[in-house]
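Novice: fold the following for me, if possible:
(chains A and B)
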Amino acid sequence: NAGVTQTPKFRVLKTGQSMTLLCAQDMNHEYMYWYRQDPGMGLRLIHYSVGEGTTAKGEVPDGYNVSRLKKQNFLLGLESAAPSQTSVYFCASSPLASGGIKAKNIQYFGAGTRLSVL
Amino acid sequence: AQKVTQAQTEISVVEKEDVTLDCVYETRDTTYYLFWYKQPPSGELVFLIRRNSFDEQNEISGRYSWNFQKSTSSFNFTITASQVVDSAVYFCALSEVANSGYALNFGKGTSLLVTP
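Specialist: Numbering: from 1, shown residues only, chains lettered A, B, ... in the order given. Below is the predicted model of the structure:
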């Protein structure tokens, strides 16, 4: 059971470089999310997607772009990395919430990507 | 404004002690969901429990129990007879139905250290 897989696990960038983080899920989930975790801050939502081809901004979207061309993949891009983007990035997915008290909106997380921007 | 407050930043207990992790949330929705996740030193996030706003029954799972009280907007987590393996950061989170595709609003976490 792969679940949610994040690639890469670690990365070091220089300021101004670009990169893409890949999140892949094999659970046929509709919803996917990108969070960042900083010391003492908990996890904060960057972008999210409620289905293939749709994305939306979260709490801290500046400096990031995302794409969801395929249902199983959610890509997070950094066009010009900055030291403030040094963080641990988590991807999560959840099944479609059907509404009401039976909604199944448990989020399943990947193992995280540790990114350092020098 | 912080929607989920975990006032305890760090807690240290000796093995076999009981420990309660506090969580207070804020929402205007009538339908919402509360979660607890565990993050062990290895770094992954492990789902522990989900509770919806219509179900105020307390829940017990082995050594873990949860007390949900809408009147005080609290969803506290108790570990009975703590063990060293319980050492981790614990996050409380809120999911509001009409907000950001059910995304989670996390508290800042409580770091629990259980010593032998």
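
Novice: by mean pLDDT, flag the weakest helix or strand of chain B.
Specialist: strand B:59-61 (a mean of 83; mean pLDDT, DSSP states H and E).

Novice: who does that strand pair up with?
Specialist: If you go by DSSP bridges, strand B:59-61 pairs up with strand B:64-69 (antiparallel).

Novice: residues of the strand it pairs with that come out buried?
Specialist: B:64, B:65, B:66, B:68 (16 or more other C-beta atoms under 10 Å in any protein chain shown). Where C-beta positions appear, they are placed from N, C-alpha and C, glycine not excepted.

Novice: kindly report the same for stretch B:30-46.
Specialist: For stretch B:30-46, the neighbour count (16+ other C-beta under 10 Å) marks B:31, B:32, B:33, B:34, B:35, B:36, B:37, B:38, B:39, B:45 as buried.

Novice: can you read off the pLDDT for the residue nearest the centre of chain A?
Specialist: Averaging the C-alpha coordinates of chain A gives a centre point, and the residue nearest to it by C-alpha atoms, centre = their mean is residue A:34 (2.2 Å). Residue A:34 is assigned a predicted lDDT (pLDDT) of 97.

Novice: ok, the residue lying farthest from the centre of chain B to chain A distance?
Specialist: Distance from the C-alpha centroid of chain B, by C-alpha atoms, centre = their mean, peaks at residue B:116 (23.4 Å). Residue B:116 sits at a distance of 27 Å from chain A (criterion: C-beta to the nearest C-beta, to the nearest Å).

Novice: quick check, that residue in contact with residue B:13.
Specialist: No - applying C-beta atoms under 8 Å, one finds residue B:116 not in contact with residue B:13, separated by 11.1 Å.

Novice: name the SS class of the residue nearest to the residue nearest to the centre of chain A when sequence neighbours are not counted, please.
Specialist: Leaving aside its chain neighbours, residue A:34 sits nearest to residue A:46 (4.4 Å; criterion: C-beta to C-beta, 6 or more residues apart in numbering or on different chains). Using DSSP: H, G, I helix; E, B strand; the rest coil, the structure places residue A:46 in strand.

Novice: what of residue A:27?
Specialist: Three-state assignment for residue A:27 (three-state DSSP): coil.

Novice: and residue B:8, by the same measure?
Specialist: Of the three states, residue B:8 takes coil under three-state DSSP.

Novice: show the contacting residues for the residue nearest to it when sequence neighbours are not counted.
Specialist: With sequence-adjacent residues excluded and distances taken as C-beta to C-beta, 6+ apart, residue B:8 is closest to residue B:110, at 4.7 Å. Counting by C-beta atoms under 8 Å, 6 or more residues apart in numbering or on different chains, residue B:110 touches B:6, B:8, B:9, B:10, B:11, B:21, B:22, B:89, B:90.

Novice: just the buried ones among these, please.
Specialist: Among these, the ones that count as buried by 16+ other C-beta under 10 Å are B:6, B:8, B:11, B:21, B:22, B:89, B:90.

Novice: isn't the fifth one right up against residue B:8?
Specialist: Yes - taking C-beta under 8 Å as the contact criterion, residue B:22 and residue B:8 are neighbours in contact, 5.9 Å apart.

Novice: quick check: the farthest pair among the buried ones among the contacts of residue B:110?
Specialist: Longest distance between any two of the buried ones among the contacts of residue B:110 is 14.4 Å, between B:22 and B:89; criterion C-beta to C-beta.
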